[in-house]
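Trainee: Starting from these lines, generate the structure:
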Amino acid sequence: MTSTEATTVRTWRNWAGNVTARPVRQVAPASVEELAAAVRRAAEDGLRVKPVGTGHSFTAAAATDGVLVRPDLLTGIREIDRTAMTVTVEAGTPLKRLNAALAREGLSLTNMGDIMEQTVAGATSTGTHGTGRDSASIAAQIRALELVTADGSVLRCSEQENPEVFAVARIGLGALGVITAITFAVEPVFLLTAREEPMTFDAVTSRFDELVTENEHFEFYWFPHTGNCTTKRNNRSAGPTAPPGRISGWIEDELLSNGIFQVACSVGRAFPAAIPSIARISSRALSARTYTDIPYKVFTSPRRVRFVEMEYALPREAAVVALRELKAMVDASPLRISFPVEVRTAPADDIALSTASGRESAYIAVHLYRGTPHQAYFTAVERIMTAHGGRPHWGKVHTRDAAYLAQAYPRFGEFTAVRDRLDPDRLFGNDYLRRVLGD
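Mentor: Residues are numbered from 1 along each chain as shown. Sure, this is the predicted structure:
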C-alpha cells in the first residue's frame with residue numbers, strides 16, 4: 001500500500017463545523033517511513049505540519065495552512081503482548097475498531113470516554129477522558145509512544161526509554177511530533193453493570209461525594225431550566241451479560257437521545273422561548289434502566305446530534321459550588337440552553353498537561369446545538385470555571401492563553417522545555433498552539 005497526496009487546496013472542517021482550514025496539501029502516508037519523508041519535505045518547503053484525526057475537537061488544534069497529515073492508512077494492531085498485558089496500535093486506528101478488536105481477543109481498556117469515533121492518537125493527544133473514581137483518562141493508560149519528530153526521525157518513549165519525553169508526550173496536543181503508534185495497558189475483558197436513573201439536582205449535588213466514592217464510574221447530566229438530572233453508575237459485575245433489549249435500547253439511545261432530541265434542538269434553535277418547556281419534557285423522557293455488558297458497550301453511546309462544547313476540569317472539591325453557581329446563572333439570565341450539562345470525575349494522574357495532572361478532578365461540560373450562538377453562554381460559564389482554578393479541555397472551546405495555563409499547570413514549563421528541544425522551529429505549530437503554549 002502506498003501513500004496518497006493531494007495538492008489541490010481543499011477546505012478541511014471539523015465534526016462540529018466550527019473550525020475550518022485550507023492546507024496547501026494533504027498527505028495520507030501508508031508507513032512510518034512515508035510519514036517521516038513527508039515531514040522532511042514539508043520542512044524543506046517551509047510548511048508547517050499538523051496531523052488530524054476524525055475532527056472531534058472543537059478547537060483549532062489540528063488546523064493548518066501547511067501540510068495536513070491524515071492517518072487513514074496508519075491503522076491496525078501491531079502487537080498484543082499477553083505477558084506485559086499491552087496492545088500496540090497504529091495511531092490512526094479509530095477507538096471503535098480498537099475496542100472491537102480487543103473484545104475479540106478477550107481484552108479491554110480499563111476506562112474510556114463516552115464516544116469512540118476518534119482515532120487513538122487524536123483522543124489521547126487532547127486528553128479525552130471518561131469518568132472514574134480510580135481509573136483515569138485514555139492517555140493515562142499509555143505505556144509507550146512512537147512519534148516522528150521535526151527532523152524526520154522516529155522517537156520511541158516510555159518510562160524506560162526517553163522518559164522525559166514520555167512524561168509530557170502522552171497528552172502532547174500535536175506539538176511534539178506526529179504520533180505513529182501507541183502502546184496501551186489492557187486487561188482481561190470484564191463486565192459492567194450500568195444503572196441509569198433520574199435524580200433531582202439538589203439530591204445529586206448534596207450526595208455528590210457519596211455517589212462518586214461508592215461507584216467505580218459515576219456521572220450525571222443536569223437539564224438547564226429544570227431541577228432534573230439523569231445519573232449513571234457503572235460498576236464491575238460478575239454477570240451474566242444482560243444488554244438493553246433491541247427495541248428498548250433503540251428507543252432510548254437512538255429515538256430519544258438522537259432522533260427526537262435532534263428535532264427538539266432544531267425547534268429550540270428556531271424558537272428559543274420554547275426551550276424551557278422542551279427541557280422539562282426531555283428531562284422526564286429517559287426512564288430508569290439497568291443493563292450489563294462489556295466495557296465499551298457500556299461506556300460509549302452514539303452521538304449523532306452535532307454541537308459545540310466547552311469543558312473545564314476543576315478540583316473535585318469545587319465541583320458542587322461551581323455547579324450551583326452555574327445553575328443560578330442560567331436561572332437568572334435570558335439564556336435558553338437546549339443541551340444538558342455533563343458532570344464526570346477523574347483521579348489525579350502524572351501527565352504534565354493532563355487536566356487531572358496532580359489533582360483529583362471533576363469535569364463540567366456545557367454544550368449548545370450546532371449553529372446556535374454560544375459566545376454569551378460559554379463566556380459566562382468560563383468566568384465561573386476560571387474563578388475555581390479550572391483547566392480547559394484542550395480539544396474544546398475556551399479562551400485561555402499560555403499566561404493563564406502556565407499558572408494552572410505546575411508542570412507547564414516541563415512540557416514547553418521538551419517542545420523547545422524537539423521542535424525549536426515550530427514545524428508542528430499553529431495559531432492555537434501559539435495561544436495556549438506561547439511562542
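Trainee: what residue ranges in the stretch 151-300 of the chain are flagged as low confidence?
Mentor: Counting by pLDDT under 70, the stretch 151-300 of the chain shows low-confidence ranges at 247-248, 250-256, 258.
Trainee: now the strands: where do they sit in it?
Mentor: All strands of the stretch 151-300 of the chain, identified by DSSP state E, counting those that start in this stretch, fall at 154-158, 178-185, 187-188, 191-200, 217-222, 228-237, 289-293.
Trainee: Let's have the ones you listed in CSV, adding distance to residue 428 and mean neighbour count.
Mentor: Quick note: C-beta positions are derived from backbone N, CA and C, even for glycine. Formatted as CSV, these follow (distance: least, Cβ to Cβ, whole Å; neighbours: other Cβ atoms under 10 Å):
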stretch, distance to residue 428, mean neighbour count
strand 154-158, 13, 17
strand 178-185, 7, 23
strand 187-188, 33, 12
strand 191-200, 37, 17
strand 217-222, 33, 23
strand 228-237, 36, 20
strand 289-293, 39, 17
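Trainee: Minimum distance to residue 417: which of those strands has it?
Mentor: Checking the strands of the stretch 151-300 of the chain against residue 417 by Cβ to Cβ gives strand 154-158 as the closest, at 15.0 Å.
Trainee: Neighbouring strands of that closest one in the sheet, and parallel or not?
Mentor: strand 142-148 (antiparallel) (DSSP bridges).
Trainee: Just the angle for the strand it pairs with relative to strand 178-185, thanks.
Mentor: Going by axes from the mean of the first three to the mean of the last three Cα atoms, to 10 degrees, strand 142-148 is angled at 160 degrees with respect to strand 178-185.
Trainee: Just want the phi and psi numbers for residue 391.
Mentor: Main-chain torsions, residue 391, degrees, to the nearest 10: phi -110, psi 120.
Trainee: Which strand residues bridge it?
Mentor: Assigned bridge partners for residue 391, using DSSP bridges, are residue 313.
Trainee: and it, what does it touch?
Mentor: Counting by Cβ atoms under 8 Å, 6 or more residues apart in numbering, residue 391 makes contact with 312-314, 355, 361, 405, 408-409.
Trainee: follow-up on the earlier one: distance to residue 135 for the strands of the stretch 151-300 of the chain - can I get that in JSON lines?
Mentor: Below are the strands of the stretch 151-300 of the chain laid out as JSON lines (distance: least, Cβ to Cβ, whole Å):
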{"stretch": "strand 154-158", "distance to residue 135": "20"}
{"stretch": "strand 178-185", "distance to residue 135": "10"}
{"stretch": "strand 187-188", "distance to residue 135": "10"}
{"stretch": "strand 191-200", "distance to residue 135": "12"}
{"stretch": "strand 217-222", "distance to residue 135": "8"}
{"stretch": "strand 228-237", "distance to residue 135": "11"}
{"stretch": "strand 289-293", "distance to residue 135": "17"}
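Trainee: Go through these and name the closest to residue 110.
Mentor: So among the strands of the stretch 151-300 of the chain, strand 187-188 is nearest, using Cβ to Cβ, at 6.0 Å.
Trainee: got the contact list for that closest one?
Mentor: Contact with strand 187-188 is made by 85, 106-108, 110, as judged by Cβ under 8 Å, 6+ apart.
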